[in-house]
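In: Using only what follows, build the 3D model:
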Amino acid sequence: MKLGDVERLRGELAEFVGDVFGSLRRRDQRRWGACYLRGLMLDGRRKSIQPMAARLPDGDMQALQQFVNQSPWDPLPVRRRIARRLSEAIAPQVWVIDDVSFPKCGRASAGVARQYCGALGKRANCQVAVSVHAATDSASCPLDWQLYLPREWTEEPGRCRRAGIPEGVVHQEKWRLALGLLDNVAGWGLDAPVVVADAGYGVSTPFRHGLEERGMSYVLALTGKEVAHELEAEPYRPDYGGLGPPTLARYRTAPRSLALHAADAAAAGRFTEVLWRQGSRGPMTSRFAVMAVRPAGKQSLAAAQTAGGGRSRWDGVLPAATVLVEWPAGHDAPTGYWISNLPPDTPVADLARWAKMRWHVEHDYRELKHGLGLDHFEGRTWRGWHHHVTLVTAAQAFLTLRRLDPKVRTPA
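Out: Presented below is the predicted three-dimensional model:
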């Protein structure tokens with residue numbers, strides 16, 4: 001936005017800040033929160049504190065630095081209020097779990113490490129965060145964030161102290177962080193719709209079990225390399241006359257790749273054309289089929305053993321799952337696989353729409369990064385990073401609410 005457009009929004013923004021930043025008791029904190037939001041929305045190549053302060057008529061670099069990096073305000077109540085307001089406004093059909101990376105130099109910034117960086121498509125020095133978003137076909141908004149702390153950080157307590165990482169924060173796998181975020185948002189009184197995520201989470205059996213333990217429905221992407229038994233497959237237990245420990249039940253046939261299961265579905269004519277969204281260039285359609293199978297492989301085996309109380313007591317029956325397959329016309333092989341705990345008679349159009357709704361988070365990240373400076377934070381502390389992403393979330397929520405208001409004409 002141009003400076004004049006942002007200045008004209010001061011009154012409306014003040015009302016929004018008064019609501020979502022109501023947990024901040026001091027008036028000056030709310031004032032600098034509003035100032036930071038205006039800086040994020042204002043046109044400019046960099047959205048770090050120094051250039052934002054220089055562009056704003058009332059910008060004060062020192063005050064903004066203190067507000068973001070040192071001030072001890074709690075970002076969670078702010079995110080909770082944003083989550084409630086946006087969920088009311090957009091009525092999300094899915095909650096999307098995703099992670100995002102921030103290329104970063106040095107080793108002092110909280111959580112920075114050499115790891116896979118999605119922003120660069122390779123291993124590089126970066127920070128990684130896990131997020132949960134509310135989404136529909138037409139709108140989405142981040143609800144909660146957590147910075148990922150690589151294991152190497154937990155081995156250097158002094159490094160953690162210097163970055164301001166709280167003592168209770170330890171290394172957790174991304175899927176554990178995702179479950180924690182879902183617990184947070186559910187604890188804010190919001191009902192979980194269908195949870196969707198990419199294959200990084202879909203292939204994690206513990207993550208899927210965590211969702212099921214919480215009573216959450218999911219449609220999670222797979223890589224397509226997974227194997228499964230037919231739904232009707234039944235294991236048997238060889239009789240060794242009671243010699244030795246009980247024998248693990250086995251299947252008489254080897255599991256087959258999902259691609260082979262999909263080929264069978266195609267031969268049976270089970271793929272149908274599905275419209276999942278009206279895009280800007282017209283209807284978005286593809287061919288989909290739904291299959292009921294019993295996922296196999298080491299992860300599924302371990303999970304089934306755990307559920308049965310150990311290897312010696314497991315009866316060998318792998319749990320059934322619903323698998324959605326996309327195979328567009330003219331393609332030699334399927335282009336997408338998703339696993340779900342919803343029943344196999346769930347309408348294929350619903351499964352396809354939920355599976356594809358994850359695309360809106362990519363739009364979120366583009367707006368958050370390129371438009372609102374999500375990855376422009378130059379501080380090093382845990383507190384500063386979480387304050388910054390909360391403020392960026394607030395700016396995006398404010399703009400989303402304006403876009404959804406039919407009486408408002410949002411500046412380009």
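In: Would you report the backbone torsion angles of Thr285?
Out: Here is the backbone geometry of Thr285 (degrees, to the nearest 10): phi -130, psi 160.
In: Tell me the secondary structure at the closest residue to it other than its chain neighbours.
Out: Closest residue to Thr285 apart from its sequence neighbours, by CB to CB, 6 or more residues apart in numbering: Leu275 at 4.9 Å. Every C-beta, even on glycine, is put in place using the N, C-alpha and C of the backbone. Put simply, Leu275 is strand when judged by DSSP: H, G, I helix; E, B strand; the rest coil.
In: residues contacting the residue nearest to Thr154 when sequence neighbours are not counted?
Out: Among residues not flanking Thr154 along the chain, His171 sits closest, at 4.8 Å (CB to CB, 6+ apart). Contact analysis of His171 by CB atoms under 8 Å, 6 or more residues apart in numbering lists 149-151, 153-154.
In: Now tabulate these in JSON lines and tack on neighbour count and distance to Pro235.
Out: As requested, the contacts of His171 are exported to JSON lines (neighbours: other CB atoms under 10 Å; distance: CB to CB, whole Å):
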{"residue": "Leu149", "neighbour count": "22", "distance to Pro235": "41"}
{"residue": "Pro150", "neighbour count": "15", "distance to Pro235": "40"}
{"residue": "Arg151", "neighbour count": "11", "distance to Pro235": "37"}
{"residue": "Trp153", "neighbour count": "21", "distance to Pro235": "43"}
{"residue": "Thr154", "neighbour count": "15", "distance to Pro235": "41"}
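In: Got the confidence number for the residue nearest to Thr154?
Out: We have a pLDDT of 96 for His171.
In: and the helix or strand where Val185 lies, what other elements does it pack with?
Out: Counting by DSSP states H and E, the element that carries Val185 is helix 174-187. When contacts are defined as 3 or more CB pairs under 8 Å, 6 or more residues apart in numbering; DSSP states H and E, helix 174-187 sits against strand 94-103, strand 122-135, strand 140-147, helix 199-202, helix 205-213.
In: List the beta-bridge partners for the residue sitting nearest the centre point of the chain.
Out: Nearest residue to the geometric centre of the chain (CA atoms, centre = their mean): Ile97, 1.9 Å. Beta bridges link Ile97 to Val132, Ala197, judged by DSSP bridges.
In: Could you pull out the buried residues of stretch 271-291?
Out: By 16 or more other CB atoms under 10 Å, the buried positions in stretch 271-291 come out as 271, 274, 276, 284, 286-291.
In: if we can go back for a sec, the residue nearest to Thr154 should be in a helix, yeah?
Out: No: assessed with three-state DSSP, His171 is coil; it does not lie in a helix.
In: separation between it and Gly158?
Out: According to CB to CB, to the nearest Å, His171 and Gly158 sit 16 Å apart.
In: what do you get for Leu37?
Out: Per CB to CB, Leu37 is found 35 Å from Gly158.
In: These two: who's more crowded?
Out: When Leu37 and Gly158 are compared for neighbours, Leu37 comes out ahead with 26 against 7, by other CB atoms under 10 Å.
In: How many residues are close by Ser340?
Out: Neighbour tally, Ser340, other CB under 10 Å: 24.
In: Repeat that for Val392.
Out: Applying other CB under 10 Å, we find 26 residues neighbouring Val392.
In: cool, Ala178 as well?
Out: Neighbour count of Ala178, defined by other CB under 10 Å: 26.
In: pLDDT score for the residue lying closest to it once chain neighbours are set aside?
Out: Residue nearest to Ala178 in three dimensions, not counting chain neighbours: Ile97, with 4.6 Å by CB to CB, 6+ apart. Confidence at Ile97, expressed as pLDDT, is 97.
In: Am I right that Ile97 is in contact with Val194?
Out: No: using CB atoms under 8 Å, Ile97 is not in contact with Val194; the gap is 11.4 Å.
In: contacting residues for Gly373?
Out: Contacts of Gly373 by CB under 8 Å, 6+ apart are 40, 46-48, 52, 392.
In: JSON lines please, covering those residues and showing distance to Ala296.
Out: JSON lines is the format used below for the contacts of Gly373 (distance: CB to CB, whole Å):
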{"residue": "Leu40", "distance to Ala296": "48"}
{"residue": "Arg46", "distance to Ala296": "50"}
{"residue": "Lys47", "distance to Ala296": "48"}
{"residue": "Ser48", "distance to Ala296": "50"}
{"residue": "Met52", "distance to Ala296": "53"}
{"residue": "Val392", "distance to Ala296": "42"}
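In: Buried ones among these?
Out: Using 16+ other CB under 10 Å, the buried ones in the contacts of Gly373 are 40, 47, 52, 392.
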